[in-house]
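Engineer: would you be able to build a 3D model of this:
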Amino acid sequence: MKHMILNAALALMLAVPQALAQGAGPAETIARQFEAFRADDLDAAFSHASPMIRGIFRTPGNFGMMVRNGYPMVRNPGEVRMLDLREEGGRTIQRVEIIDGKGRVHLLDYDMIETGNGWKINGVRFVEAPPLAA
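Structural biologist: Here you go, the predicted model:
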């Protein structure tokens, strides 16, 4: 019994550093990109984009400009909440709620892909908020 407990503890000690080295899950990757935008670190923000997105925008500056113009609530987020994580047609989608500085609520779906370098953001689309009940 003592031998089994020692083996389990050893396996856990080896698994934790490996999990940390492999990177974070989808929600943590998105949160890190928000942190980078808050710090005005476009290099770090761009590092969380998928190879496809990086290929389209080519530089952190181009990427930052696109986010600033198309997704200002992402570039300068207020309150952020991670909602549901789901599989949809073979894709991993993380829903995110952002409350901007003016109190407006934005729902976005982040298309996530797992790469050899961890989870990356492969696209973001707006989700229409459900109508308010009367």
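
Engineer: that's a strand at I98, yeah?
Structural biologist: Yes: counting by DSSP: H, G, I helix; E, B strand; the rest coil, one finds I98 located in a strand.

Engineer: check which helix or strand covers F46.
Structural biologist: Following DSSP states H and E, the helix or strand that holds F46 is helix 42-47.

Engineer: centre of the chain to that helix, how far?
Structural biologist: In this view, helix 42-47 has its centroid 12 Å away from the chain centroid, taken as C-alpha atoms, centre = their mean, to the nearest Å.

Engineer: any residues touching that helix, and which ones?
Structural biologist: For helix 42-47, the surrounding residues in contact (C-beta atoms under 8 Å, 6 or more residues apart in numbering) are 32-33, 35-37, 54, 57, 59-61, 63-64, 67. Every residue, glycine included, has its C-beta placed from N, CA and C.

Engineer: buried stuff in that helix?
Structural biologist: By 16 or more other C-beta atoms under 10 Å, the buried positions in helix 42-47 come out as L42, A45, F46, S47.

Engineer: tell me the mean pLDDT over it?
Structural biologist: For helix 42-47, mean pLDDT is 98.

Engineer: could you list every helix and strand in contact with the helix or strand just after that helix?
Structural biologist: Next along the chain after helix 42-47, taking DSSP H and E as the criterion, comes helix 51-57. Other elements packing on helix 51-57 under the criterion 3 or more C-beta pairs under 8 Å, 6 or more residues apart in numbering; DSSP states H and E are helix 60-70, strand 118-127.

Engineer: ok, now with 6 Å
Structural biologist: Identification of packing neighbours for helix 51-57 by 3 or more C-beta pairs under 6 Å, 6 or more residues apart in numbering; DSSP states H and E yields no helix or strand.

Engineer: what is the distance between that helix and the centre of its chain?
Structural biologist: Relative to the centre of its chain, helix 51-57 is centred 16 Å away, using C-alpha atoms, centre = their mean.

Engineer: ok, and for that helix, which residues are buried?
Structural biologist: I53, R54, F57.

Engineer: send me the helix holding F46 as CSV with only the CA atoms.
Structural biologist: The C-alpha coordinates for helix 42-47 follow below in CSV (Å, rounded to 0.1, in the frame of the first residue of the first chain):
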residue,chain,number,x,y,z
LEU,A,42,1.3,43.7,-28.5
ASP,A,43,4.1,41.1,-28.9
ALA,A,44,2.7,39.1,-26.0
ALA,A,45,-0.9,39.5,-27.3
PHE,A,46,0.2,38.4,-30.8
SER,A,47,1.9,35.3,-29.3
